[in-house]
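A.B. asks: A structural model of the following input is requested.
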Amino acid sequence: MAGTQGPVISVHMLGEFSITINGNTITNLKGRTKRVWMLVEYLIAYRHTDVSLEKLMDILWEEDECGDPVNALKNLVYRARTLLKELCGDEQAEFIQFARGTYSWNNQYPCTVDTEEMEEAWKTASRRDLSSEEQIAGYKKVIDLYRGEFLPKSNYRSWVVSMGVRYSTMFTESILRVSDLLAERNRHQEVVELCAKALNFAPLDENIHKTLLYAYASTGQKGKALEHYNYATNLFYKEMGVDISGSLQALYQQLVENVNSVEMDLNVIKEDLKEAVRAQGAFWCDYNVFKNIYRIQARSIRRTHHSIFVVLLSISDREGNILEEEVGKIAVERLKNAILGSLRQGDAVAPYSASQFIIMLPMITYENVEMVVNRILQHFRFDYRRNNVRISSRISTLDANC
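C.D. replies: Numbering: from 1, shown residues only. Purely as a prediction, here's the structure:
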């Protein structure tokens, strides 16, 4: 029966796998013990299930060839038992049981598992008979229990992927539900803190970014909202080649326009307009912001007649085709760094597509534009030594009649 005198076990499967027995902890092992560790992970994850030999062999040698899987499995079980006994300090302890052709974890020993605690907290928080404050507390407990990806060092295994999706979804859904409950009570600063933490674990969840934007705007932090809008659009472009500015911009404009406050102190407004840090190099922005800068400059040169040039830089393979994803991600990032490191603070640059950048160069001659482009290419070639890409450039004057 559960609760029998013996080892006391605590297991973490979120963020990093670790097992503690009687106060002694061991984390993921490398090298020859990797498959032993995988066996322990699976038996604990399904510790309320008897697992057949065939199922375990499929799990442990999912894509690998094994000449004698039955004996290989017996050897793995022996090594796993030895490892756990050494950790426990009790040669008589049996953590892995075998009966009627199946293996299972020995649930007679008291054992806590963070994923099971998270499941229980989620079920409790989702109950409809709870008060709002009880739901808030419940969802916060789910959030606190989530320390990162489920078994990150085994995330190439199909069973780990499917379970990982469940826990990450539980985490993000808890963030969104508790944010709604807090927003209803005007506790927007708590939403800011929760979403900022959540983005460490789910940086590409668009709904959390939207929730954070709303919270910033609702607390009057318009500068933070704009800063985060630019950060989010750049992040999605850099990591996924996706432009989400349209999706976020409509929300951002709506939120900023609906903030119910009037600021009469110009110094406060000027402080809000300042960049968060003193930026070096060119002004990086998304394409929608770039278009607005372009239109402002077009109006300006009707009066000043100053020369302003626009440059389009495109990167492709040697035959002019779109780059493969792995090559493209590295090469495009190196080109972006070369551009930002070669331009002045008054210049502006934005991504035009997944493999193109558009640049605005005010107060400059055509000859100097060519020099700037050559400087960018020199910086890129210095930083990217492979000869598998080609960069083309197009130069045009800004059209004052746009």
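
A.B. asks: Next up, the contacts around the residue nearest in space to the middle of the chain.
C.D. replies: Nearest to the mean C-alpha position of the chain, counting by CA atoms, centre = their mean, stands Pro203 at 3.0 Å. By CB atoms under 8 Å, 6 or more residues apart in numbering, Pro203 lies in contact with 235, 239. In this view, the C-beta of every residue, glycine as well, is placed from N, C-alpha and C.

A.B. asks: Check the one 4 residues further on too.
C.D. replies: Contact partners of Asn207, counting by CB under 8 Å, 6+ apart, are 172, 176.

A.B. asks: pLDDT wise, what is Thr82 at?
C.D. replies: On pLDDT, Thr82 comes in at 91.

A.B. asks: so which helix or strand takes in it?
C.D. replies: Per DSSP states H and E: Thr82 is located in helix 69-88.

A.B. asks: Need the CA coordinates for that helix. PDB is fine.
C.D. replies: Taking C-alpha atoms only, helix 69-88 is exported to PDB below (Å, rounded to 0.1, in the frame of the first residue of the first chain):
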ATOM      1  CA  PRO A  69      16.100  -5.900 -27.400                       C
ATOM      2  CA  VAL A  70      14.800  -8.400 -24.700                       C
ATOM      3  CA  ASN A  71      18.200  -8.900 -23.100                       C
ATOM      4  CA  ALA A  72      19.100  -5.200 -23.700                       C
ATOM      5  CA  LEU A  73      16.000  -4.200 -21.800                       C
ATOM      6  CA  LYS A  74      16.900  -6.600 -18.900                       C
ATOM      7  CA  ASN A  75      20.300  -5.100 -18.800                       C
ATOM      8  CA  LEU A  76      18.900  -1.500 -18.700                       C
ATOM      9  CA  VAL A  77      16.500  -2.400 -15.900                       C
ATOM     10  CA  TYR A  78      19.300  -3.900 -13.900                       C
ATOM     11  CA  ARG A  79      21.400  -0.800 -14.300                       C
ATOM     12  CA  ALA A  80      18.500   1.500 -13.500                       C
ATOM     13  CA  ARG A  81      17.800  -0.500 -10.300                       C
ATOM     14  CA  THR A  82      21.500  -0.300  -9.300                       C
ATOM     15  CA  LEU A  83      21.600   3.500  -9.900                       C
ATOM     16  CA  LEU A  84      18.500   4.100  -7.800                       C
ATOM     17  CA  LYS A  85      19.700   1.800  -5.000                       C
ATOM     18  CA  GLU A  86      23.000   3.700  -4.800                       C
ATOM     19  CA  LEU A  87      21.100   7.000  -4.700                       C
ATOM     20  CA  CYS A  88      18.800   5.700  -1.900                       C
END
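
A.B. asks: Just the residues contacting it, thanks.
C.D. replies: 7, 19, 21-22, 24, 26, 33, 35-36, 39-40, 53, 56-57, 60-61, 66, 91, 93-96, 98, 103.

A.B. asks: same thing but 6 Å
C.D. replies: In this structure, residues lying in contact with helix 69-88 by CB atoms under 6 Å, 6 or more residues apart in numbering are 7, 21-22, 24, 26, 35-36, 39-40, 57, 66, 91, 93, 95-96.

A.B. asks: all helices of the chain, in order?
C.D. replies: 34-45, 53-60, 69-88, 114-125, 132-145, 158-184, 188-201, 206-218, 222-240, 245-257, 266-273, 287-304, 325-342, 366-383 (DSSP state H).

A.B. asks: And the longest one, how far out from the chain middle?
C.D. replies: Looking back up the chat, that one is helix 158-184. 14 Å (CA atoms, centre = their mean, to the nearest Å).

A.B. asks: Now that helix: buried residues?
C.D. replies: 159-160, 163-164, 167-168, 170-172, 174-179, 181-183 (16 or more other CB atoms under 10 Å).

A.B. asks: Please name every helix or strand in contact with that helix.
C.D. replies: Secondary-structure packing of helix 158-184 (3 or more CB pairs under 6 Å, 6 or more residues apart in numbering; DSSP states H and E): helix 132-145, helix 188-201, helix 206-218.

A.B. asks: quick one, which of the ones you listed is packed in tightest?
C.D. replies: helix 206-218 (a mean of 22; mean count of other CB atoms under 10 Å).

A.B. asks: Quick check: mean pLDDT of that one?
C.D. replies: Computed over helix 206-218, the average pLDDT equals 91.

A.B. asks: now swap in stretch 170-187 and tell me
C.D. replies: 95.

A.B. asks: Stretch 18-26 now?
C.D. replies: For stretch 18-26, the mean confidence score works out to 90.

A.B. asks: same question, stretch 375-388
C.D. replies: Computed over stretch 375-388, the average pLDDT equals 89.

A.B. asks: Would you mind putting the CA coordinates of that stretch into PDB?
C.D. replies: Provided in PDB are the C-alpha atoms of stretch 375-388 (Å, rounded to 0.1, in the frame of the first residue of the first chain):
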ATOM      1  CA  ARG A 375      30.800  48.900 -46.100                       C
ATOM      2  CA  ILE A 376      27.800  46.700 -45.100                       C
ATOM      3  CA  LEU A 377      29.000  44.000 -47.500                       C
ATOM      4  CA  GLN A 378      32.500  44.100 -46.200                       C
ATOM      5  CA  HIS A 379      31.200  43.700 -42.600                       C
ATOM      6  CA  PHE A 380      29.000  40.900 -43.600                       C
ATOM      7  CA  ARG A 381      31.800  39.000 -45.500                       C
ATOM      8  CA  PHE A 382      34.100  39.400 -42.500                       C
ATOM      9  CA  ASP A 383      31.400  38.000 -40.100                       C
ATOM     10  CA  TYR A 384      30.000  35.300 -42.500                       C
ATOM     11  CA  ARG A 385      32.900  33.500 -44.100                       C
ATOM     12  CA  ARG A 386      30.900  30.900 -46.100                       C
ATOM     13  CA  ASN A 387      30.600  31.400 -49.800                       C
ATOM     14  CA  ASN A 388      27.100  30.000 -50.200                       C
END
